[in-house]
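Novice: the following block contains a protein sequence and its predicted model.
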Amino acid sequence: MEKMARVTTALGGNTLTGRTMYCHLDAPANAISVCRDAAQVVVAGRNIFKIYAIEEEQFVEKLNLRVGRKPSLNFSCADVVWHQMDENLLATAATNGVVVTWNLGKPSRNKQDQLFTEHKRTVNKVCFHPTEAYMLLSGSQDGYMKCFDLRKKDSVSTFSGQSESVRDVQFSIRDYFTFAATFENGNVQLWDIRRPDRYERMFTAHNGPVFCCDWHPEDRGWLATGGRDKMVKVWDMNTNRAKEIYCVQSIASVARVKWRPECKHHLATCSMMVDHNIYVWDVRRPYIPSAMFEEHRDVTTGIVWRHLHDPYFLLSGSKDSTLYQHIFKDASQPIERANPEGLCYGLFGDLAFAAKESLVTADSNRKPYPGDRRHPIFFKRKLDPTEQFESVSSSALSVFETEPDSSSMGWFVDTARQYALAGRSLAELCDHNAKVAKELSRNQVAQTWTMLRIIYCSPGTMPSANLNHSIGKGSASLPLMNSFNLKDMASGMGSEARLDWSKGENRSENILLDSSTTLITNDENEETEGSDVPADYLLGDVEGDEDELYLMDHENAHTEEPEYVLPQEAFPLRHEIVDNPSGPDHLQDKADSPHVSGNEAETVSLTPVESFSLISISHTLYESRLPPDFFSALVRDMLRFYAEQGDVQMAVSVLIVLGERIRKEIDEQTQEHWYTSYIDLLQRFRLWNISNQVIKLSTCRAITCLNQASTTLHVNCSNCKRPMSNKGWICDRCRQCASTCAVCHHVVKGLFVWCQGCSHGGHLQHILKWLESSTHCPAGCGHLCEYT
Amino acid sequence: MAEGENEVRWDGLCSRDSATRDTALENIKQAILRKAEPLRSVKEPPYRSSEHLLNAVSWDGFNKILARLLMLSKRCPFKDVREKSQSILKCVQELGIRIPRPLGHGPSRFIPEKEILQVGNEDAQMHTLFADSFAALGRLDNITLVMVFHPQYLESFLKTQHYLLQMDGPLPLHYRHYIGIMAAARHQCSYLVNLHVNDFLHVGGDPKWLNGLENAPQKLQNLGELNKVLAHRPWLITKEHIEQLLKAEEHSWSLAELVHAVVLLTHYHSLASFTFGCGISPEIHCDGGHTFRPPSVSNYCICDITNGNHSMEEMHVAGSVSITDSFCEVEALMEKMKQLQECRDEEEASQEEMASRFEIEKRESMFVFSSDDEEVAPARDVSRHFEDTSYGYKDFSRHGMHVPTFRVQDYCWEDHGYSLVNRLYPDVGQLIDEKFHIAYNLTYNTMAMHKDVDTSMLRRAIWNYIHCMFGIRYDDYDYGEINQLLDRSFKVYIKTVVCTPEKATKRMYDSFWRQFKHSEKVHVNLLLIEARMQAELLYALRAITRYMT
């Protein structure tokens, strides 16, 4: 309310009224400017130069300044400006390099007043002095700025930017003598109008051309600049060095920037290409525009606030040949549509979640899940009373931590370090990896490796000794192996698939059953019943084996009840299902399992059939030498299962180890996805070498090229401390070899370590040794080098 | 035959580490000698009967390897490789096998070999450029050797080309080379086509595609029309062209891919201009770059045939112009520049006058043609890469078709084109922008024998003249200057190189600016190709912009 009152006084009692409206122009506009009284607007372009009166409901054409039968290029305007002191005075910049002034007070039809043909190239910008009636400034493509006194025929002074084209010139609103000029090479120069020989200050504001600038109407030190690099920057010019205080990243190159009257932190921008909207930004909130006008169908070329002290009316002209008046209350506010929520995972499994406060409070009304191990922490942002978008600025951040021990990823790191992925035969790799997994007491994984080895390395003639070795228990027999097989297969398939499987194709396998397999099945049943095992079939130590199963329970099942300790027939199977967190089917299983007693589980008729058929299949493997391809569907499902379970490490490792054997089974995209996830994980744990190895071994095109991207390393010369632009190790500035060891002064070949602070370095061993005894740089430069 | 073991691997040679190169060379030597052994007894296959077919194939392969070795011995930036390749060739020769020798006279047929930098004599900066180029492509092409007159530009050029062909981008690698082939074929530039056919196969392209555009995927075939219009009449490109490419159901291009393709097309159109404009000779290891026979006339090089300049006589014709004549030429040009500089402010032409000057220049540029533009049917093997060979710049110029005026002030590279390219194909806008800048601003402040000359006016006239031919107008330029500064023979050369490069001859090259250095003529060519590329890009990008709005 207070603001409104101020507006009214500023306007001398006449509040502006109007609505969002537009009118068609005959041609695309290049620039617009308003008269001081906010009642008229001038539109200029290559083929248009007209004045419109802004009325309550519409624009009314008042005057066409483009007269004459064959209009010359002097009418082809790149820019137009209306004097803010004298409402009869206008100036235009023509594309052929002419600066023209126009006097509306002239009685004749042709209002052209003066013609300055001093610039050699297109004039990009003209600007009247805010308080001086006769002073006009122009900036041109030829790199010069000229100041004209309208009472004289020629320019009063010429300023040479000593560089490429001038894109914008703006008189400071508060400092009488100062103006700013922006250049195509990214520089901004500040000039004193009395000193044409040299600029007062210069700084590089943007990467690439700076298209526009605007002085803050109130704060004398602030200058906003917009460039081709899609940025709007606000500079504080009060200090000795221009300091960037705000930076807004837009989505397209910024063609115009205009501070919003009466709102200290707001500015409007429009873009030169691609994006047709006008944005109003709060510079303190640079990620999302506070308001947006979306009316134009082609790029907006000119924007201007209708009145110096009114923040609610914006006029704009566009290449789509329309002139618009935008009313602030009709603006669309992207913030309303935005979804201000953020979610991020921490390295150690922590989860942070930020959302609108209203959402979070609604959420926290719900009773937390009992037995949940989350520890939510809430932060609330204090509301800023001056903030306009209150609904957004209040947000809550919750952080969920996982239990320190349950989230320990030690196994991941150890596994990653110790796995062997290439360089040996498949059998050796599998054995090695199985051993690694076993040592980390990840039995399921270990057994998977063992199974892979069996499937792919030993067609038919598997000596039992191998199995002994792989299991590491000295116990090997067919039924034993089958039991593993059963377990892994089942886990790989998920309960649903498993059902199909046992019903489907393997029914036919059952036909193959001979007496020996039946026997084995019986034995298996006996064994799992916990009774003593007949020694004639099981050569090995069954007790140990049960132990294994038991251990596995400990590792995997967090919620198992104590009575499950007894090894029971269907137990391992059920356990696998329980542990499987993905998919609704599994959830269903999980919900059921606590209610099912061990005995009930035992009676589920499915399981014996299951083991039965599985045995038969592995039996036939031995008998009829099934090609390894036969299993690829299974292995694929197994990999999928691991990946879904979150153990992408296993999926990728198997993928690499098996290589061609399995790759074609899995579509490229999934593989890529796994690889990227695994590499991401490895890099989070700083396992750079391993991640590199994985990248190298991967066969996905998208992954292998990761190693080819950004392979440049920027180094400084250790002598002159300047960046080495040259390839190789000879600095092209000081002509010396930059890779000498600071300790032994020999040229380093091989591993070279250097300090990023002082650029000195040398042999890895030498530097390590040196830094054990000293903290300073061995080169004697006084830098406190650190080796981490 | 264990092809895998016997395969000669060249990639080690690109390493900067001399030890790696050494081992690679040793391996090559072993592999070659192994291959040479069985061929020794056979000598040359007398005729290709079925039983000799295998032999013939292996001879072909072996000769290719020898040609490549020959290239290395001449064009590798690393001295050790040059020497070693030479010695391997000698070894092979001692085995009684015929070795190739380079054809032609250096990298360019227009510029005497002694004027061009010899590999091995380059300074440190140039050596770095050479090594980079060699590392990226495994060769040092003739274009590079000619462009190295202007190392500053060459660096930017190679960087851009490397990015376009090898770095991140929306198009797959073999597509990129294929588009390069398409673009070069439009101008029947067998040099570039050969070069990129090799690269295309190297990155795993399907050899079937090379039998003609109709064997390439529909998606690339669709690009043919744009290629054609862009090469010869870019002002005819409309947003409908763009729409056809983007909305072709399963064969449609994405915007990013299209921008990549457009940049590649324009790059290779203008590079074809350079190739003909500087008379680039075929690469040593490509067809037509070497021979196994004693000196005789090569029957393969299309550029030679079509341009009729394989003979040396023309050089004498050009050389016979009296020194005084050409001396006056330079003097006169400088005088004119001075005059224009001084009297520009006094003489103020009316607006109508200015507009008509542009129109006159534009219209005249249509008729500027050398007298000897006889019909030349494009050679067979290149023409298969594009359709509609009759479609060219010439057709319309004969009929005096009207070229609409494109005003730079409404759509220019710096403001609009750059933003669009950089948005759809990040970083490339920046690279091309730099290249344009370097080409436009490159100067050594010399003109022929004179030093400390401000050549900006002359460069601007050349640049604007080229844009004028494409109908691109600068409001702030007086097109009268062009007439003052560019004489007829120069205009003929510019016009030919830019619009119908395949017709450029040594006579044209020699007859303009007779007193100027070769490096300056190459400089002119750089201006030509960059201005042409920008003109084509402007039209294509404007159409894309219009499509998007």
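Specialist: Noted; the coordinates are in hand. Just so you know, these numbers come straight off a predicted model, no measurement behind them.
Novice: around chain A, pick out the residues from chain B.
Specialist: Residues of chain B lying near chain A by Cβ under 8 Å from any Cβ of the partner chain: B:16, B:124-125, B:128, B:131-132, B:168, B:344, B:348, B:350-352, B:354-355, B:407, B:409-410, B:414-416, B:418-420, B:423, B:430, B:433, B:474-476, B:545, B:548-549. (Each C-beta comes from the backbone N, C-alpha and C, glycine too.)
Novice: look up how far B:His251 lies from B:Asp129.
Specialist: Rather than Asp, residue B:129 is Leu. Distance of B:Leu129 to B:His251, computed by Cβ to Cβ, to the nearest Å: 39 Å.
Novice: identify the residues contacting the nearest residue to B:Gly471 once chain neighbours are set aside.
Specialist: Nearest non-adjacent residue to B:Gly471, counting by Cβ to Cβ, 6 or more residues apart in numbering or on different chains: B:Val403, 3.9 Å away. Going by Cβ atoms under 8 Å, 6 or more residues apart in numbering or on different chains, B:Val403 touches B:235, B:362, B:366, B:470-471.
Novice: buried residues, stretch A:266-286. List them.
Specialist: For stretch A:266-286, the neighbour count (16 or more other Cβ atoms under 10 Å in any protein chain shown) marks A:266-283, A:285-286 as buried.
Novice: least confident of the contacts of B:Val403?
Specialist: Within the contacts of B:Val403, pLDDT reaches its minimum at B:Met366, with 64.
Novice: about what we covered before: near chain B too, which of the buried residues of stretch A:266-286?
Specialist: The subset of these within reach of chain B, by Cβ under 8 Å from any Cβ, is A:272-274, A:276.
Novice: ok, of those residues, which one's closest to B:Gly106?
Specialist: Using Cβ to Cβ, A:Met273 comes nearest to B:Gly106 of these, at 44.9 Å.
Novice: contacts only, for the nearest residue to that closest one once chain neighbours are set aside.
Specialist: Here the nearest residue to A:Met273 in space, its sequence neighbours aside, is B:Ser419; by Cβ to Cβ, 6+ apart that works out to 4.0 Å. Neighbouring residues of B:Ser419 by Cβ under 8 Å, 6+ apart: A:228, A:252-253, A:272-274, B:429.
Novice: secondary structure element holding A:Asp168?
Specialist: Remark: A:Asp168 resides in strand A:166-171, with elements defined by DSSP states H and E.
Novice: so where is chain B shaky, pLDDT-wise?
Specialist: Within chain B, the stretches with pLDDT under 70 are B:1-8, B:11, B:39-58, B:103-105, B:286-327, B:343-352, B:365-402.
Novice: can you rerun that using 50?
Specialist: B:1-5, B:46-49, B:295-323, B:345-346, B:370-380, B:393-399 (pLDDT under 50).
Novice: which helix in it runs the most residues?
Specialist: The single longest helix within chain B, with elements called by DSSP state H, is helix B:518-548.
Novice: show me the chain divided up by domain.
Specialist: Since you didn't name a chain, this refers to chain A. A:339-400, A:425-457+A:628-709 (the TED database).
Novice: wait, I meant chain B there
Specialist: B:1-37+B:53-99, B:326-548.
Novice: closest one to B:Leu192 among the ones you listed?
Specialist: Closest among these, using Cβ to Cβ: domain B:326-548, at 9.7 Å.
Novice: and the closest one, how far out from the chain middle?
Specialist: For domain B:326-548, the separation from the chain centroid amounts to 16 Å (computed by Cα atoms, centre = their mean, to the nearest Å).
Novice: which SS class is the residue nearest to A:Met273?
Specialist: Put simply, B:Ser419 is helix when judged by DSSP: H, G, I helix; E, B strand; the rest coil.
Novice: gap between it and A:Ser271?
Specialist: Distance of B:Ser419 to A:Ser271, computed by Cβ to Cβ: 8 Å.
Novice: okay, and the common contacts of the two?
Specialist: What both B:Ser419 and A:Ser271 touch, as defined by Cβ under 8 Å, 6+ apart, is the set A:252-253.
Novice: number of residues surrounding A:Arg19?
Specialist: 11 (other Cβ atoms under 10 Å in any protein chain shown).
Novice: surely it meets A:Lys329?
Specialist: No: with contacts counted by Cβ atoms under 8 Å, A:Arg19 stays clear of A:Lys329, the gap being 9.7 Å.
Novice: could you dump the domains of chain A into CSV and include mean neighbour count?
Specialist: Listed next are the domains of chain A as CSV, based on neighbours: other Cβ atoms under 10 Å in any protein chain shown:
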stretch, mean neighbour count
domain A:339-400, 13
domain A:425-457+A:628-709, 19
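Novice: worst average pLDDT in those?
Specialist: The minimum mean pLDDT among those belongs to domain A:339-400 (a mean of 57).
Novice: thinking again about what came up before, helix, strand or coil for the residue nearest to B:Gly471?
Specialist: Following three-state DSSP, we place B:Val403 in the coil state.
Novice: if we can go back for a sec, show me the residues of chain B next to chain A that map onto helices.
Specialist: Among the residues of chain B next to chain A, the members falling in helices (DSSP H) are B:124-125, B:128, B:131-132, B:351-352, B:354-355, B:418-420, B:423, B:430, B:433, B:545, B:548.
Novice: any idea of the pLDDT on whichever residue of chain A sits closest to chain B?
Specialist: Proximity of chain A to chain B (Cβ to the nearest Cβ) peaks at A:Ser72, 3.2 Å away. A:Ser72 is assigned a pLDDT of 76 by the prediction.
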